[in-house]
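*Asks:* coords below, sequence missing:
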């Protein structure tokens, strides 16, 4: 369809003005990192024209996206937010956003997508955008988190996790096709499995019967599978959490995600 690049540029500038982290640099002083929030300055969208969409164009777009993602950021000087428009024809465009992980997580991705769509639709219809004012910015969250890490509540949390993970197994002894490397490489990959609709419905029914969430059910099943293959009755699974436990952080773009270790003990069970 038709794209009004001027309105899109206006919408993106509202996002950059609205979320300070998108115009923040990270500098190091005596080994400590600090956020420097820059004054808002409107950006101009660069438009790159490429031939009409076809299979070759798809390959070119994928290559461009990969190159953009791999281009390093100078955290002290570069914006952590890059944006470009790829124009394949008058009615076919690709919006390419590259955002450093320091400023972004999966929750932020949904926020940016939703707010950008809302802003563009409002400007296109000539109505004012209805985005609520943000009560805090990412720097406020970072300061609160640093102060919280010196609090009594933090010590209670740390003591809890130390107890939960005491004597936890350091390794999951899965039977492998090849010898385990002496040094961990972190070269992993992802396997996606799609469940059928009837099976998905049965999973939701089972969850309702036992008053648990699908996440809890799938985690338990995954833990049992790992225990069966490894022969261990004590399994640790790492999981990412949104870490947005306060209403003030729900509309905040930034890296708030955290990783927790969930320990599943299956002895005599």
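*Replies:* Nice, thanks for sending it over. The structure presented is a predicted model; accordingly, all values stated were derived computationally and were not measured.

*Asks:* Mean pLDDT per helix and strand in this protein: which one sits at the bottom?
*Replies:* Least confident element among the helices and strands of the chain, by mean pLDDT, DSSP states H and E: helix 55-70 (a mean of 87).

*Asks:* Pull out the buried residues from that one.
*Replies:* Buried residues in helix 55-70, defined by neighbour count with 16 or more other C-beta atoms under 10 Å: 57, 61, 64. Using the backbone N, CA and C atoms, a C-beta is placed for each residue, glycine as well.

*Asks:* now the helices for the stretch 1-150 of the chain?
*Replies:* 5-18, 55-70, 106-125, 138-148 (DSSP state H, counting those that start in this stretch).

*Asks:* from the chain's centre, how far out does the second one sit?
*Replies:* When distances are taken as C-alpha atoms, centre = their mean, to the nearest Å, helix 55-70 is centred 21 Å away from the chain's centroid.

*Asks:* The longest one too?
*Replies:* In terms of C-alpha atoms, centre = their mean, the centre of helix 106-125 is set 16 Å apart from its chain centre.

*Asks:* again, but for the first one
*Replies:* Shown here is helix 5-18, whose average C-alpha point lies 22 Å from the average C-alpha point of the whole chain (C-alpha atoms, centre = their mean).

*Asks:* can you check the last one too?
*Replies:* Using C-alpha atoms, centre = their mean, we find the averaged C-alpha position of helix 138-148 to lie 19 Å away from the chain's own average C-alpha position.

*Asks:* The following helix or strand past that helix vs helix 138-148, what angle?
*Replies:* Scanning forward in sequence from helix 138-148 by DSSP states H and E, the next helix or strand is helix 152-164. Per axes from the mean of the first three to the mean of the last three C-alpha atoms, to 10 degrees, the angle that helix 152-164 makes with helix 138-148 is 70 degrees.

*Asks:* Would you double-check that residue 238 falls in a helix?
*Replies:* No - Residue 238 is assigned strand when assessed by DSSP: H, G, I helix; E, B strand; the rest coil, not a helix.

*Asks:* Look up which residues are beta-bridged to residue 235.
*Replies:* Per DSSP bridges, the residues bridged to residue 235 are residue 264.

*Asks:* So it sits against residue 267, correct?
*Replies:* No - using C-beta atoms under 8 Å, residue 235 is not in contact with residue 267, being 10.9 Å away.

*Asks:* Please say which of those two ends up with more neighbours.
*Replies:* residue 235 (20 against 8; other C-beta atoms under 10 Å).

*Asks:* Would you tell me what helix or strand residue 209 is located in?
*Replies:* helix 197-210.

*Asks:* Okay, now the unreliable bits of the protein?
*Replies:* Residue ranges of the chain with pLDDT under 70: 53-55.

*Asks:* hmm, back to that, please state the offset of the next helix-or-strand element following the helix holding residue 209 from the chain centre?
*Replies:* Next helix or strand after helix 197-210 toward the C-terminus (DSSP H and E): helix 214-230. Computed by C-alpha atoms, centre = their mean, the chain-centroid distance of helix 214-230 equals 24 Å.
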